[in-house]
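**Q** Fold the following and give me the result.
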Amino acid sequence: MSTLHGREAWRPIPVVIITAKDLTAAQRERLDGWVIRILQKGAYGQEICWRRCARWWPPRSAAGRGKHMTKILLVEDNEMNRDMLSRRLQKQGYEVVIAVDGEEGVAKAQTEAPALILMDMSLPGVDGWEATRRLKAAARTQKIPIIALTAHAMTDDREKAMAAGCDDFDTKPVELPRLLSKIQALLGRSAVP
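**A** Numbering: from 1, shown residues only. The predicted structure follows:
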């Protein structure tokens, strides 16, 4: 699965696992975010399995309805955090562009023009604080909403992120429903002229 999702072009492809094995709760949890459905062999005939799989392709967010996926830039150096969060966001219908440090994040914000940026603040080299300051100082990127992501949950960490130019703040480990509500709130606000 990590090889499949290691290629950015393949990440939006929905994965359905069809298995005869009874998966434990721990095995299912490890697959969370990697697959959209796990089907038990024998519970359905082959024809029903194929019809169910056809429902998920093309991905609903990329279906030929003329809609494009909202692009989010995720700037995160920790591979496990990056993979888990990007898969969960893609599952929600977002296109996710990845940067592994602040320097790359600033460059990708310029070239990819994301609708929103999720910025880890503890990055190697150019950290999230400095990358945010650079993005908010540049005319081309200053209006892109930025949510700070950090394991530091103190009040002064939030204030420091906001002073650097972040539009919101969220703590790690990420609670997806909470983060999604912040993303949706900022995307709704940035859509207003």
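
**Q** Which parts of this structure are helices?
**A** 2-6, 25-31, 46-54, 79-91, 102-112, 128-137, 155-164, 176-190 (DSSP state H).

**Q** Mind telling me which of those the model trusts least?
**A** If the helices of the chain are sorted by mean pLDDT, helix 46-54 sits at the bottom with a mean of 64.

**Q** The helices of the chain: which one's closest to Pro145?
**A** Smallest distance to Pro145 across the helices of the chain (Cβ to Cβ): 3.9 Å, for helix 176-190. Bear in mind the C-beta positions are built from the backbone N, C-alpha and C, glycine included.

**Q** counting contacts, what elements does that closest one pack onto?
**A** Here helix 176-190 is seen to pack against strand 116-120, strand 146-150, strand 168-171 when contacts are counted using 3 or more Cβ pairs under 8 Å, 6 or more residues apart in numbering; DSSP states H and E.

**Q** so of these, which one's packed in deepest?
**A** strand 116-120 (a mean of 27; mean count of other Cβ atoms under 10 Å).

**Q** helices or strands next to that strand in the packing?
**A** Secondary elements touching strand 116-120 (3+ Cβ pairs under 8 Å, 6+ apart): strand 71-75, helix 102-112, helix 128-137, strand 146-150, helix 176-190.

**Q** what comes into contact with the last one?
**A** Helix 176-190 is contacted by residues 70, 72, 88, 92, 115-116, 118, 143-145, 147, 167-168, 170 when judged by Cβ atoms under 8 Å, 6 or more residues apart in numbering.

**Q** Would you indicate which residues of that helix are buried?
**A** 176, 179, 182-183, 186 (16 or more other Cβ atoms under 10 Å).

**Q** The first one now?
**A** Within strand 71-75, the residues that count as buried by 16+ other Cβ under 10 Å are 72-75.

**Q** got a markdown table for those residues, with pLDDT too?
**A** Below are these laid out as a markdown table (pLDDT from 0 to 100):
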| residue | pLDDT |
| --- | --- |
| Ile72 | 96 |
| Leu73 | 97 |
| Leu74 | 97 |
| Val75 | 97 |
